[in-house]
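S.K.: sequence? don't have it. structure:
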C-alpha cells in the first residue's frame, strides 16, 4: 500500500507543479530566458576546462615520451 501512496503523492505534486507553471507562465518564461545565457556560459566554461586539461595531459605525455627516448639512447 505504501507504493500506491507514493504514486498518488507524486501525481498530485506533478499536477500542482504544472498548475503553478501555467499560473506563473509569464514569469517562468522570463526566468528561462534569463537563465539561457548563464547555462551557455557554464557549459562553455566546462568545455574550456576539459580542453585545457586534455592539452595539458597531451603535453605531459609528449614530455614523458621525450624523456624515455633520451634515456633509451644513453643506455
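M.R.: Structure's in. What do you need? For clarity, every value in this text was computed on a predicted model and none was experimentally measured.
S.K.: And the residue nearest the centre of this protein?
M.R.: For the chain, the residue nearest the mean C-alpha position is residue 43 (6.7 Å; Cα atoms, centre = their mean).
S.K.: per-residue pLDDT, it?
M.R.: Residue 43 carries a pLDDT score of 97 in this model.
S.K.: what helix or strand is it on?
M.R.: Per DSSP states H and E: residue 43 is located in helix 25-74.
S.K.: what's near enough to touch the residue nearest to the centre of the chain?
M.R.: With contact set as Cβ atoms under 8 Å, 6 or more residues apart in numbering, residue 43 has no partners. For glycine as for every other residue, the C-beta is placed from the backbone atoms N, C-alpha and C.
S.K.: Remind me what the strand or helix carrying residue 8 packs against, helices and strands.
M.R.: Assigned by DSSP H and E, residue 8 falls within helix 2-23. Applying 3 or more Cβ pairs under 8 Å, 6 or more residues apart in numbering; DSSP states H and E, we find helix 2-23 packed against no helix or strand.
S.K.: what sits up against that helix?
M.R.: Contact with helix 2-23 is made by residue 28, as judged by Cβ under 8 Å, 6+ apart.
S.K.: what's around residue 28, how many residues?
M.R.: Other residues near residue 28 number 13, with proximity taken as other Cβ atoms under 10 Å.
S.K.: In the protein, what helix or strand scores lowest on average pLDDT?
M.R.: helix 25-74 (a mean of 87; mean pLDDT, DSSP states H and E).
S.K.: what angle sits between that one and helix 2-23?
M.R.: 110 degrees (axes from the mean of the first three to the mean of the last three Cα atoms, to 10 degrees).
S.K.: quick one: helix 25-74 to chain centroid distance?
M.R.: Distance of helix 25-74 from its chain centroid, counting by Cα atoms, centre = their mean, to the nearest Å, is 12 Å.
S.K.: coming back round to it: what's the spacing between the residue nearest to the centre of the chain and residue 33?
M.R.: Remark: distance between residue 43 and residue 33 (Cβ to Cβ, to the nearest Å) = 17 Å.
S.K.: Can you give me the neighbour number for residue 10?
M.R.: 10.
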